[in-house]
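Peer 1: when you get a sec, could you give me coordinates for this:
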Amino acid sequence: MATVQMRPLLQDSHNYEIVTMQPGVHSQQQWMSVPRAPASCPPGLEYLAMIDQLLCQQKVSLAEVFIGWESNNKYVVLNSVGQQIFYAFEDTDACSRMCCGNQREFTIHIVNNFNQEVMKIYRPFKCFAGCCWCATLDSCAHETFVEAPVGVPIGSVRQLSSGCTFDYAIKDAVGETQLIIDGPCMMCRCCADVEFPIFTKDKRTRVGCVTKQYSGLLKEMYSDADNFGITFPLDLDVKIKATLMGAMFLIDFMAFENSDKKGCLSLL
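Peer 2: Purely as a prediction, here's the structure:
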């Protein structure tokens, strides 16, 4: 496969480069070739039209492992045969990460293999959000909003009111619910994969799943870097597939971004 020359495209408000190449991706990483774009597909999401599952691997931060310093999350997104299709990185300030923990407002930029931003996922900060009992109120329900291309809303994810589970509505660009994630009771997880089944909006038919994959005892103890998988119908609208990625990141922050993991040195 021909090597793609990376070019820095994204810059932040301080005018220094955020991305010059996908960090943590070595030269032998295989990239999925760009498929033909179907009609009405947002530019850059052609990859999603050709797959029915994807894998998301969060990169381990050594600063978090050894000293407990919370850094911006970084993820490699792969297809089922291990070819890279996206690279995703969080963009938040240090104060928010250290003071607000997993409740923090965040923006996740998603770039393709040519280092072009094709999608943005945003979660606003809400002081009283997170309680599954009170999620019927706007001020108490976590949400993420998905844009592709940047500036064009294509969907959103909203936390639903429930007893002790993590449930979410997957909505289209006009706010109509298309799918429901019926999450498990998080107290039931123990050294195993954790599944968040995806159902039709009437909850009668299971059509996919968001799965947090068990990473092994040491990684689970000392790092909050997680691996996820998402399965969905091949013919599902690519915009809804992209919105399911927004749900995956929201689940990661709400359920698995553990601020109590302070690093190895804290145990000495």
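Peer 1: pretty sure S71 contacts M98?
Peer 2: No. The criterion here is C-beta atoms under 8 Å, and S71 misses it with M98 at 10.1 Å. Quick note: C-beta positions are derived from backbone N, CA and C, even for glycine.
Peer 1: what's the overlap in contacts for the two?
Peer 2: Common neighbours of S71 and M98 are not found (criterion: C-beta atoms under 8 Å, 6 or more residues apart in numbering).
Peer 1: beta partners of the closest residue to N113 other than its chain neighbours?
Peer 2: Nearest non-adjacent residue to N113, counting by C-beta to C-beta, 6 or more residues apart in numbering: W31, 4.5 Å away. Counting by DSSP bridges, W31 is bridged to Q84.
Peer 1: tally of neighbours for S156?
Peer 2: 21 (other C-beta atoms under 10 Å).
Peer 1: which residues does it bridge with?
Peer 2: Those that pair with S156 in a beta bridge, by DSSP bridges, are F145, K171.
Peer 1: can you give me the helices for this protein?
Peer 2: Using DSSP state H, the helices of the chain run over residues 46-49, 62-67, 94-100, 217-222, 238-251.
Peer 1: rewinding a little: tell me how far the residue nearest to N113 lies from D193.
Peer 2: 27 Å (C-beta to C-beta, to the nearest Å).
Peer 1: neighbour count for those two, which is higher?
Peer 2: Comparing W31 with D193 by other C-beta under 10 Å, the one with more neighbours is W31, at 20 against 14.
Peer 1: wait, doesn't the more buried one sit right on Q83?
Peer 2: Yes. Counting by C-beta under 8 Å, W31 touches Q83, with 6.0 Å between them.
Peer 1: quick check: M50 touching P35?
Peer 2: Yes. Between M50 and P35 there is a contact under C-beta under 8 Å: 4.7 Å.
Peer 1: ok, those two, which is more surrounded?
Peer 2: Comparing M50 with P35 by other C-beta under 10 Å, the one with more neighbours is M50, at 16 against 13.
Peer 1: can you pull the pLDDT of the more buried one?
Peer 2: M50 is assigned a predicted lDDT (pLDDT) of 89.
Peer 1: with D252 instead?
Peer 2: 91.
Peer 1: for it, give its distance to N102.
Peer 2: 9 Å.
Peer 1: and these two? which has more neighbours close in?
Peer 2: Neighbour count, other C-beta under 10 Å: between D252 and N102, D252 has more, with 21 against 18.
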